[in-house]
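Chemist: attaching a predicted model along with its sequence, questions to come.
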Amino acid sequence: MDIQRFLATHDGVITRAQARACGLSDDQIARKVASGEWIRRAPGVYFAIAWAWTVTARVRVAGEWARPTGALGATAAAWWLGLGVTDPRPLTVILPRGCSRKSPRGVTVVQRDLRGDRVEHRGLPVVGRALATLDTAVALGPEGQTFLDRALQQGQVTLEDLRAAQSRHLGRRGSAAAHRLLVRAGDRAASEPERLVAALLRRAGVTGWTLNHEVTLSTGRRALLDIAFPDVRFAIEVDGWAFHVDPERFVGDRVRKRTLVADGWTVVEVTWDDLLNRPDEVIDQVRRVLARLRA
């Protein structure tokens, strides 16, 4: 590939190996560094000053430096994976135990075995999505629970994947905090039918909904709505003995629905049978209700 085209598609960041693949010799690389055209940002990783030194370029440098056995971790990985992190810093790189390397400026190194949680995403090595989500939730401190819940609600990860990642990395720094976050997330996790409704809505391109939306009823009690469109006070409730097997809960759901309707909510109930055998009808009904409420 032409060297300028490569730099343009990699935010001005290039490794020695990549430069060689573009046809440059070691002497040519050395001359670019000596002239100031390129800056050595990490061992074997360079930045062409004709490009802006952006956050993306910083992440690229850290990710390229992490090779061949390391990976971007925590907020840096979550940012690169598109998990809703606004700032990838501090830039964390995870290296295998015993891998002693001096880190570049602005890069924090954590030594631990990745145990298979290493993938390539958009040209950089990162930890897997579940581990990135967990470690980012821990790194975010008080905001971590909200971040974790949002990742689950938006279907970016599953609770099962998070638990599996946690079990693979027990004992790491932040493991106890990650466990507490998982327990709280599990307490609020949707049932399988609720997750199926969410999947149907996503596939149909229906937006504006929230999973497990909490409201305060006029009675003073709080209710957790399976699926809610808060802007138009529209709720979808999964219903039926197939998954609400407790008779007391079933009766309680009837009382809750009456209160929601009295409070101005439109409630549509769907059953397990609806989800399995009539998913298109469910989506059509949801769209009709939304069209009416938003008219």
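Modeler: Arrived safely, thanks for sending.
Chemist: please count neighbours and contacts with C-alpha atoms only from this point.
Modeler: Will do.
Chemist: residue 56: what secondary structure?
Modeler: helix (DSSP: H, G, I helix; E, B strand; the rest coil).
Chemist: check contacts around it.
Modeler: residue 11 (CA atoms under 8 Å, 6 or more residues apart in numbering).
Chemist: redo that, cut-off 10 Å
Modeler: 10-13, 62, 79-80, 88 (CA atoms under 10 Å, 6 or more residues apart in numbering).
Chemist: same check on residue 132?
Modeler: 72-81, 83, 117, 126, 138, 162, 165.
Chemist: now residue 6
Modeler: 12-14, 18-19, 22.
Chemist: again, but for residue 173
Modeler: Residues in contact with residue 173 (CA under 10 Å, 6+ apart) are 110, 112, 135, 138.
Chemist: may I see the buried residues of stretch 173-185?
Modeler: Buried positions in stretch 173-185, judged by neighbour count with 16 or more other CA atoms under 10 Å: 175, 177-179, 181-182, 185.
Chemist: before we move on, what about stretch 212-220?
Modeler: residue 212.
Chemist: may I have it as CSV, with CA atoms only?
Modeler: Coordinates of each C-alpha in stretch 212-220 appear next as CSV, following Å, rounded to 0.1, in the frame of the first residue of the first chain:
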residue,chain,number,x,y,z
ASN,A,212,-36.6,-2.6,33.1
HIS,A,213,-37.8,1.0,33.5
GLU,A,214,-38.6,2.0,37.0
VAL,A,215,-41.6,4.3,37.7
THR,A,216,-43.4,5.5,40.9
LEU,A,217,-47.1,4.8,40.8
SER,A,218,-49.8,7.1,42.2
THR,A,219,-50.1,4.6,45.1
GLY,A,220,-46.6,5.5,46.1
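Chemist: and residue 218, helix, strand or coil?
Modeler: Residue 218 ends up coil, using three-state DSSP.
Chemist: among the contacts of residue 6, which ones are buried?
Modeler: 12-14, 18-19.
Chemist: narrow the residues you listed to those in strands?
Modeler: 13-14 (DSSP state E).
Chemist: ends of stretch 93-101, how far apart?
Modeler: With CA to CA, to the nearest Å applied, stretch 93-101 spans 11 Å between its terminal residues.
Chemist: contacts for that stretch?
Modeler: Stretch 93-101 is contacted from outside by 43, 59, 62-63, 65-74, 76-77, 103, 107-115, 118, 125-127, using CA under 10 Å, 6+ apart.
Chemist: now tabulate the buried residues of stretch 173-185 in a markdown table and tack on pLDDT.
Modeler: Shown next, in a markdown table, are the buried residues of stretch 173-185 (pLDDT from 0 to 100):
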| residue | pLDDT |
| --- | --- |
| 175 | 91 |
| 177 | 94 |
| 178 | 93 |
| 179 | 91 |
| 181 | 90 |
| 182 | 88 |
| 185 | 79 |
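Chemist: can you put the residues you listed in a markdown table and add distance to residue 28 and secondary structure?
Modeler: As requested, the buried residues of stretch 173-185 are exported to a markdown table (distance: CA to CA, whole Å; DSSP: H, G, I helix; E, B strand; the rest coil):
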| residue | distance to residue 28 | secondary structure |
| --- | --- | --- |
| 175 | 47 | helix |
| 177 | 49 | helix |
| 178 | 48 | helix |
| 179 | 51 | helix |
| 181 | 51 | helix |
| 182 | 52 | helix |
| 185 | 54 | helix |
